[in-house]
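Participant: Give me a model of this one.
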Amino acid sequence: MTKALFKLLWDVCLMELAKMLGFKSPKALAACQAAHDHHKSWQILEIFLFAMSGELLVPYVRQALEKKETPSVEGFLASNKTPNAALMAKIVFDHSLALHVFRAGVRRNNTEVILCSRSKFSPLFFGLNMPFYMEAFVRDSLIRIQCPPAVNEFMRKNETYTVTGNESKGEGGDFVLENLNRKSKSFMPPGLPTDEKWLTISRNIDKLDEIRLNMQTIMGLTDKDSEYTYAYDISEEISAFRHIIRERKYLQKQSLTTLSNKPLDSAFLHFAEHAQENKDSHYTHIQTHALSSRLKHTPIFIFQEHREKHTNIANKTKAEISTHIETQLDTLKSHTLSQKWKKVKNLKKSVLLEFLKELNEIKDAESQSESDVE
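Facilitator: Residues are numbered from 1 along each chain as shown. As a prediction, the model looks like this:
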């Protein structure tokens, strides 16, 4: 989910936020964009959520107070917004907030919160063409619908686990196993690990961990994992990012742009509706195809050049070009052209493009003749 938001927002505003946080070089920005470091990525999204939501709400609240009205959720949603403000409101309160709520649900093993926030966020997987997440979401949804009540209840009680016993520190099972694996590796002596070493450490990991904790207590040391037991104060970063948003008058602009003032694709404002359409289309597709089939949806276009690149026939595969040519041939109904197609269909891509160009010229000429007759 974190990677999905980075994919959606990187060019829009997260790149500027990353630069503000000190990611200056191309390699540093690329590492930040990849969102490999979960903790750093989470903090960046938290800064974005609280900074952008604050800048969205302040003007509305001031306007409501000037009119001597009580600010409300309904009032904010119904208020007039510039294109950038409308876009950010969708992203912040539909998707960024959904991720925030999802994490809270995971931490507290709250099934209803987890499923509700995940469902709200899920169209983004289909809008951004993330096949692994699309399949995982669909499979999990179907399992929950089809499994017996007893299994469903077991899943509900064990969505996440807490190793420490703290009810507010739940983690997914994969994270628990990952931490256990990391702990096992920390006891591994230098050199190539053998089966005997793995067996010894795995059988005695609890005793080894107890010995290490006792020694840390005696020596007054802090466990290296304890750095994540407190919330880092990001209030200064939030204020700094709010200053950038306000200074550039981003939410007051009458055109749809990035934070760095680059024009966005005109349809990007409706990315949520497009993502939902892709999700509905995917559900229709899997009714007659395997769940693992990779249906490639029309992506969300962030910039106009992305749309032009996607629609340019020269960027299509040979199979896609061939399909397009055969559709044209069905329309033209020419025996001569059909025979020529049989001769060139297995040749290289450039030949197919030339043949398609010829078909388009013939079709345009026929359309022109019909117009002249009328």
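
Participant: Next, count neighbours for Asn80.
Facilitator: Number of residues near Asn80 (other CB atoms under 10 Å) recorded here: 8. Quick note: C-beta positions are derived from backbone N, CA and C, even for glycine.

Participant: Same check on Leu356?
Facilitator: By other CB under 10 Å, 18 other residues sit near Leu356.

Participant: now do Glu178
Facilitator: Using other CB under 10 Å, Glu178 has 12 neighbouring residues.

Participant: Which strands or helices does the helix or strand where it lies pack on?
Facilitator: When elements are assigned from DSSP states H and E, Glu178 belongs to helix 173-186. For helix 173-186, the packing partners by 3 or more CB pairs under 8 Å, 6 or more residues apart in numbering; DSSP states H and E come out as helix 195-219.

Participant: Run the chain-centre distance for the helix it packs on.
Facilitator: Relative to the centre of its chain, helix 195-219 is centred 39 Å away, using CA atoms, centre = their mean, to the nearest Å.

Participant: ok, now stretch 6-26?
Facilitator: Using CA atoms, centre = their mean, the offset of stretch 6-26 from its chain centre is 15 Å.

Participant: May I see the buried residues of that stretch?
Facilitator: Across stretch 6-26, burial judged by 16 or more other CB atoms under 10 Å covers 6-18, 21, 23.

Participant: One more: stretch 202-216?
Facilitator: Within stretch 202-216, the residues scored as buried using 16+ other CB under 10 Å are Leu208.

Participant: Also stretch 76-84?
Facilitator: Buried, per 16+ other CB under 10 Å, within stretch 76-84: Phe76, Lys81, Thr82, Pro83, Asn84.

Participant: which residues are contacting that stretch?
Facilitator: 56-57, 60, 63, 89, 250-257, 269 (CB atoms under 8 Å, 6 or more residues apart in numbering).

Participant: Same question for stretch 30-48.
Facilitator: The contact list for stretch 30-48 (CB under 8 Å, 6+ apart) reads 2-3, 5-6, 9-10, 13-15, 17-18, 21, 23, 92, 96, 99-100, 103, 228, 232, 234, 237-238, 241.

Participant: Narrow those to those in strands?
Facilitator: Using DSSP state E, no member of those falls in strands.

Participant: is it true that Ala18 touches Leu29?
Facilitator: Yes. With contact defined as CB atoms under 8 Å, Ala18 and Leu29 form a contacting pair (6.0 Å).

Participant: Looking at the buried residues of stretch 76-84, spot the one nearest Asn346.
Facilitator: In terms of CB to CB, no member of the buried residues of stretch 76-84 lies closer to Asn346 than Pro83, at 48.1 Å.

Participant: For the stretch 251-374 of the chain, which segments are assigned as helices?
Facilitator: In the stretch 251-374 of the chain, the segments counted as helices under DSSP state H, counting those that start in this stretch are 271-285, 304-311, 318-332, 335-344, 349-373.

Participant: avg pLDDT for the first one?
Facilitator: For helix 271-285, the per-residue pLDDT values average out at 89.

Participant: CA atoms only: put it into CSV for me.
Facilitator: C-alpha atoms of helix 271-285 as CSV (Å, rounded to 0.1, in the frame of the first residue of the first chain):
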residue,chain,number,x,y,z
PHE,A,271,-8.1,8.9,-11.1
ALA,A,272,-10.3,7.4,-8.4
GLU,A,273,-13.2,6.8,-10.7
HIS,A,274,-10.8,5.3,-13.3
ALA,A,275,-9.3,3.0,-10.7
GLN,A,276,-12.7,1.8,-9.6
GLU,A,277,-13.6,1.1,-13.3
ASN,A,278,-10.5,-1.0,-13.6
LYS,A,279,-11.4,-2.9,-10.5
ASP,A,280,-14.9,-3.6,-11.8
SER,A,281,-13.4,-4.7,-15.1
HIS,A,282,-11.0,-7.0,-13.3
TYR,A,283,-13.9,-8.7,-11.4
THR,A,284,-15.7,-9.2,-14.7
HIS,A,285,-12.6,-10.7,-16.3
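
Participant: Which strands and helices lie in contact with that helix?
Facilitator: Applying 3+ CB pairs under 8 Å, 6+ apart, we find helix 271-285 packed against helix 123-127, helix 131-146.

Participant: Helix or strand next in line after the lengthiest helix in the chain, which one?
Facilitator: Longest helix in the chain, counting residues (DSSP state H): helix 38-66. Using DSSP H and E, the helix or strand that follows helix 38-66 in sequence is helix 73-78.

Participant: Quick check: mean pLDDT of whichever helix or strand comes after that following helix?
Facilitator: Remark: after helix 73-78, the chain's next helix or strand is helix 83-90, criterion DSSP H and E. Averaging pLDDT along helix 83-90 yields 92.

Participant: any idea how far helix 83-90 is from the chain center?
Facilitator: 18 Å.

Participant: again with stretch 308-326
Facilitator: 27 Å.

Participant: Can you name the residues in contact with stretch 102-116?
Facilitator: 1, 42, 101, 117-118, 121, 144, 155-162, 167-172.
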